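Visitor: my questions are about this predicted structure, shown below with the sequence.
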Amino acid sequence: MKRVVGGVLLSAVFLVYLIYFSVADFNVGFDAYVKKDFETAFKEISKAADDGDFVAIYHLGVMYHQGQGVTQDLKKAVELYQKSATQGYPKAEFNMGIMLENGFGIEQDYQKAATWYEKASNHGYLEATLNLALLYKNGQGVAKDQIKAFKLIQNVAEQGVPLGQYNLALNFSEGQGTAQDFNQAFKWYRKAANQGLAISQHNLADVYSGGEGVAQDYKQAVFWYQKAAEQGYASSQYNLALMYYHGNGVAKNLTQAVKWTKLAADQGLSNAQYNFGFFYENGQVQEQDYKLAAEWYEKAAEQGYLLAQSRLALLYLRGKGVAKDPKQAFKWYKAAADSGHAAAQHSLALMYFNGNSVPKDTLTAFMFIKLATSQGNEDAKNLWRVIEKEVTPEQISKVEIMANDWQENFNQNAGK
């Protein structure tokens with residue numbers, strides 16, 4: 001009997017010994033991690049993880065995930081997260097959900113992601129509750145349930161989580177899972193904005209700018225755009241630039257407009273890239289430079305920004321800032337025209353009609369003129385009036401069929 005008790009006591013002492021050194025290793029490693037000494041952190045946290053410390057195992061997973069002190073290895077990160085998560089560590093459970101939802105280091109599986117989010121949520125991890133709610137909202141891995149999503153989001157928001165407050169505002173604004181209520185949307189956007197959440201500050205500014213659920217107030221819009229812009233939120237930087245450009249809620253200031261447009265453009269925001277190119281093309285707020293205009297238009301055009309595609313095409317057609325190249329002009333006009341841009345459809349029609357860099361195709365030219373006319377493009381309307389007198393009824397009938405077929409295909413693709 002004593003042997004048994006003695007054996008148990010010895011085991012207990014040995015376990016305490018391991019835990020003591022495991023915690024010590026982890027604390028040294030975590031201190032190094034905070035100081036961004038990732039090499040030391042990885043070494044010490046690895047020791048604690050080897051001793052089975054589930055918190056250390058989780059943090060080691062984070063280091064593999066981020067490539068800190070070790071070569072990034074998402075599969076290894078998943079392995080470690082799962083090892084920690086199976087011991088009930090909420091942060092690891094949450095991260096397993098993240099990896100599965102996004103297909104990081106493991107095959108994407110929304111259903112399994114929902115399972116892990118639910119486990120972490122049941123352990124009180126509010127970020128997991130929010131992510132689970134969004135899966136219910138979108139019907140990913142679980143049956144779509146807007147009401148359940150709303151209740152979960154509301155629970156997170158009421159506990160002061162900014163992202164929860166922001167998402168609750170979205171639900172009220174869109175009327176998802178609850179009655180649409182712009183006043184409530186405003187209330188929750190403001191709560192999250194006051195906690196410094198940039199995306200909520202941006203949306204709150206939009207609310208003030210549009211007068212949705214609150215009296216329109218451009219000064220307040222500028223205030224909140226500025227808050228988000230200073231955090232690097234590109235859409236706010238762009239909108240703040242517009243406020244300065246037009247003098248809405250703030251004194252008109254073209255220098256500030258250029259500054260904030262450039263910051264947003266540098267982050268890849270296509271409408272800001274287009275505007276920055278437009279500034280250069282027209283020499284409105286800085287020296288005219290067609291070459292730089294073309295460069296910025298191209299950045300936006302490659303992202304599918306229709307105005308940029310159309311303006312870039314015009315520069316190629318005229319040889320301004322770029323070598324004159326009708327084929328490139330045709331390429332970009334067609335890209336914009338195929339996406340429904342009326343002015344580009346008119347310009348493309350002229351290229352087909354004149355056989356400019358493309359075989360002359362009168363019927364296709366007429367079709368694009370018809371499409372542009374249906375959108376109210378005045379140049380196309382004027383051209384159609386001239387053409388209409390010179391084509392036969394049979395040709396007009398054929399063009400109308402072509403235009404209807406094109407529009408039907410366009411609408412079907414737009415709905416996908």
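Guide: In hand now; what should we look at?

Visitor: could you pull out the helices for the stretch 101-250 of the chain?
Guide: Taking DSSP state H, counting those that start in this stretch as the criterion, the stretch 101-250 of the chain carries its helices at 110-122, 126-138, 146-158, 162-174, 182-194, 198-210, 218-230, 234-246.

Visitor: contacts for the second one, please.
Guide: So the one you mean is helix 126-138. Contacting residues not belonging to helix 126-138 are listed as 90, 93-94, 97-98, 101, 110, 113-114, 116-121, 141-146, 148-150, 152-153, 155-156, 159, 161, 163-164, 167, 176-177 [C-beta atoms under 8 Å, 6 or more residues apart in numbering]. Every residue, glycine included, has its C-beta placed from N, CA and C.

Visitor: buried ones among those residues?
Guide: 90, 93-94, 97-98, 101, 110, 113-114, 116-121, 141-142, 145-146, 148-150, 152-153, 155-156, 161, 163-164, 167, 176-177 (16 or more other C-beta atoms under 10 Å).

Visitor: ok, now which ones touch residue 221?
Guide: By C-beta under 8 Å, 6+ apart, the neighbours of residue 221 are 205-206, 208-209, 243, 248-249.

Visitor: equivalent analysis for residue 114, please.
Guide: Contacts of residue 114 by C-beta under 8 Å, 6+ apart are 97, 132, 135, 140-142.

Visitor: and residue 32, by the same measure?
Guide: Contacts here follow C-beta under 8 Å, 6+ apart; on that basis residue 32 touches 38, 40-41, 44.

Visitor: same list (those residues) but as a markdown table, adding secondary structure.
Guide: As requested, those are exported to a markdown table (DSSP: H, G, I helix; E, B strand; the rest coil):
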| residue | secondary structure |
| --- | --- |
| 38 | helix |
| 40 | helix |
| 41 | helix |
| 44 | helix |
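
Visitor: ranking those by neighbours, who comes first?
Guide: residue 41 (25 neighbours; other C-beta atoms under 10 Å).

Visitor: any idea how far it lies from residue 85?
Guide: Distance, residue 41 to residue 85, by C-beta to C-beta, to the nearest Å: 21 Å.

Visitor: ok, residue 36 next?
Guide: With C-beta to C-beta as the criterion, residue 36 and residue 85 are 26 Å apart.

Visitor: SS state for the closest residue to residue 291 other than its chain neighbours?
Guide: For residue 291, ignoring the flanking residues on the chain, the nearest one in space by C-beta to C-beta, 6 or more residues apart in numbering is residue 321 at 4.2 Å. Per three-state DSSP, the secondary structure class of residue 321 is coil.

Visitor: list phi and psi for residue 321.
Guide: phi 80, psi -10 (degrees, to the nearest 10).

Visitor: so it touches residue 290, yeah?
Guide: Yes. Residue 321 is within contact range of residue 290, at 3.0 Å (criterion: C-beta atoms under 8 Å).

Visitor: intersection of neighbour lists for the two?
Guide: Joint contacts of residue 321 and residue 290 (C-beta under 8 Å, 6+ apart) are 281, 315.

Visitor: any low-confidence regions in this protein?
Guide: Low-confidence segments of the chain (pLDDT under 70): 1-25, 415-416.

Visitor: redo the contacts of residue 32 as JSON lines? Include distance to residue 270.
Guide: Shown next, in JSON lines, are these (distance: C-beta to C-beta, whole Å):
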{"residue": "38", "distance to residue 270": "36"}
{"residue": "40", "distance to residue 270": "43"}
{"residue": "41", "distance to residue 270": "39"}
{"residue": "44", "distance to residue 270": "45"}
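
Visitor: what's the most distant pair in the residues you listed?
Guide: Within the contacts of residue 32, two members stand farthest from each other by C-beta to C-beta: 38 and 44, at 10.9 Å.

Visitor: isn't residue 227 right up against residue 199?
Guide: No. Applying C-beta under 8 Å as the test, residue 227 and residue 199 come out as separate, 11.4 Å apart.

Visitor: hmm, back to that, with distance to residue 188 added, can I get the contacts of residue 221 in a markdown table?
Guide: What follows is these, written out as a markdown table (distance: C-beta to C-beta, whole Å):
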| residue | distance to residue 188 |
| --- | --- |
| 205 | 15 |
| 206 | 14 |
| 208 | 15 |
| 209 | 18 |
| 243 | 24 |
| 248 | 25 |
| 249 | 23 |
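
Visitor: among those residues, who's most crowded?
Guide: In the contacts of residue 221, the most neighbours by other C-beta under 10 Å go to residue 205, 30 neighbours.

Visitor: circling back: which of residue 227 and residue 199 has more neighbours?
Guide: residue 227 (22 against 19).

Visitor: how near is residue 224 to residue 83?
Guide: According to C-beta to C-beta, residue 224 and residue 83 sit 44 Å apart.

Visitor: comparing these two, which residue is more hemmed in?
Guide: The neighbour count for residue 224 versus residue 83, taken as other C-beta under 10 Å, is higher for residue 224 (26 against 18).

Visitor: for that one, give me its contacts.
Guide: Residues in contact with residue 224, defined by C-beta under 8 Å, 6+ apart, are 193, 201-202, 204-205, 208, 236.

Visitor: now for the residues you listed: which two are most distant?
Guide: Greatest spacing in the contacts of residue 224, by C-beta to C-beta: 208 and 236 (12.4 Å).

Visitor: distance to residue 382 for the contacts of residue 114 - can I get that in JSON lines?
Guide: Conversion of the contacts of residue 114 to JSON lines gives the following (distance: C-beta to C-beta, whole Å):
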{"residue": "97", "distance to residue 382": "59"}
{"residue": "132", "distance to residue 382": "57"}
{"residue": "135", "distance to residue 382": "53"}
{"residue": "140", "distance to residue 382": "50"}
{"residue": "141", "distance to residue 382": "55"}
{"residue": "142", "distance to residue 382": "56"}
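
Visitor: which one of these is nearest to residue 363?
Guide: For those, the nearest to residue 363 is residue 140 (45.6 Å; C-beta to C-beta).

Visitor: pretty sure residue 406 is touching residue 374, no?
Guide: No. Judged on C-beta under 8 Å, residue 406 makes no contact with residue 374 at a distance of 10.6 Å.

Visitor: in terms of neighbours, single out the busier of those two.
Guide: Using other C-beta under 10 Å as the criterion, residue 406 and residue 374 rank with residue 406 on top: 18 against 15.
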